[in-house]
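Asks: would you be able to build a 3D model of this:
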Amino acid sequence: MVLAVSTNEIKLVYSAKVLPDLKSAYLICGFPGSGYVGKLAVDHLIEELHAEHLVDIYSNSFPPQVMIKADGTAELLKNSIFWWRGESGPDLLMLTGDSQPAVPDAEYALAEEILNVASRFDAKHVFTLAAYITGVFVEKSKVFGTATDAETVKSFGSYDISMMDSGSITGMNGLVIGIAKMRGIKGTCLLGETSGYVVDAKASKAILETLVKIIGVKVDMTNLDKRAKDTEMLIQTIEQQMLAARGGKIPEGQQPQKPRDMGYIS
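Replies: Residues are numbered from 1 along each chain as shown. Model (predicted):
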């Protein structure tokens, strides 16, 4: 049976009236954004853990379009939350989405509703997974991080997370942890280094590997690793095209010029 809950601009449709019995669950958010870094990571987590659907969240601030599914059917854009009960580790809530809201007011409203859901399960810590855009292709993506409490920031060194000490995080990835702090919930944003030019599964794998170490969950990375290799092949193709556009071969002893570091975070 489906339970629907409506607010002014947001509609929540639960899978069932009886909610799962989760305790102090982590909320992990993978919104669509640059390189789909966060979304790919959370989608992989949902798939590998065989997580169960909890609720769909619809907003009239999402772009006016429908998504065509693999079976040929169409449905409105939405965000969805799945749940998983850990046998020996933590319980998880995992959010994945088709879109972020188009206007700031709607972003605030959606963040509040997402945290309302998390609060029903006494969530103590919220993670958002995002992209750290440099405009530069790299062999191995670094993981950057910020958190809403000093204790969590101090722990970054144990997980090889590069602490951010300036800049801002735009959109839902920043907003969710910011509002979580006001509600007394810890918030952490992990960002995978990416050029911003391609769907970057390498960066997704980097932040997911870091996340599972932090929360103590084991996840098979095989399928994501395959997608990461596809990313590498795409990057090589792009670099070859960039080289060809500059006139062919690189003079001996020189490296191909790469785009400057834009320092942009999303």
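Asks: CA atoms for contacts and neighbours, from now on please.
Replies: OK.
Asks: which residues in the protein form helices?
Replies: For the chain, the helices defined by DSSP state H cover 37-49, 104-119, 150-154, 172-182, 201-215, 222-245.
Asks: tell me how far the shortest one lies from the chain's centre.
Replies: For helix 150-154, the distance from its own C-alpha centre to the chain's C-alpha centre is 21 Å (CA atoms, centre = their mean, to the nearest Å).
Asks: what mean pLDDT does it get?
Replies: Mean pLDDT, helix 150-154: 97.
Asks: likewise for the fifth one?
Replies: Predicted confidence along helix 201-215 averages 95 (mean pLDDT).
Asks: and it, what's buried?
Replies: For helix 201-215, a neighbour-count test (16 or more other CA atoms under 10 Å) marks 201, 202, 203, 204, 205, 206, 207, 208, 209, 210, 211 as buried.
Asks: from these, which single one is nearest residue 101?
Replies: Of all the buried residues of helix 201-215, residue 204 has the smallest distance to residue 101: 22.1 Å, by CA to CA.
Asks: what residues are up against the closest one?
Replies: By CA atoms under 8 Å, 6 or more residues apart in numbering, residue 204 lies in contact with 36, 37, 38, 40, 41, 192.
Asks: again with residue 77
Replies: Going by CA under 8 Å, 6+ apart, the list of residues near residue 77 reads 58, 62, 63, 65, 66, 67, 97, 98, 99.
Asks: residue 103 too?
Replies: Going by CA under 8 Å, 6+ apart, residue 103 touches residue 61.
Asks: phi, psi of it?
Replies: phi -130, psi 150 (degrees, to the nearest 10).
Asks: for the stretch 51-200 of the chain, what are the low-confidence residue spans?
Replies: In the predicted model, the stretch 51-200 of the chain carries no residue with pLDDT under 70.
Asks: all strands for it, in order.
Replies: Along the stretch 51-200 of the chain, counting by DSSP state E, counting those that start in this stretch, strands occupy 52-59, 66-68, 74-76, 79-84, 92-97, 125-133, 143-147, 162-163, 186-194.
Asks: make a markdown table out of those and add mean neighbour count and distance to residue 20.
Replies: Putting these into a markdown table (neighbours: other CA atoms under 10 Å; distance: least, CA to CA, whole Å) gives the following:
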| stretch | mean neighbour count | distance to residue 20 |
| --- | --- | --- |
| strand 52-59 | 20 | 8 |
| strand 66-68 | 13 | 28 |
| strand 74-76 | 13 | 26 |
| strand 79-84 | 22 | 8 |
| strand 92-97 | 24 | 11 |
| strand 125-133 | 26 | 18 |
| strand 143-147 | 23 | 28 |
| strand 162-163 | 16 | 35 |
| strand 186-194 | 27 | 22 |
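Asks: all good on my end, thank you.
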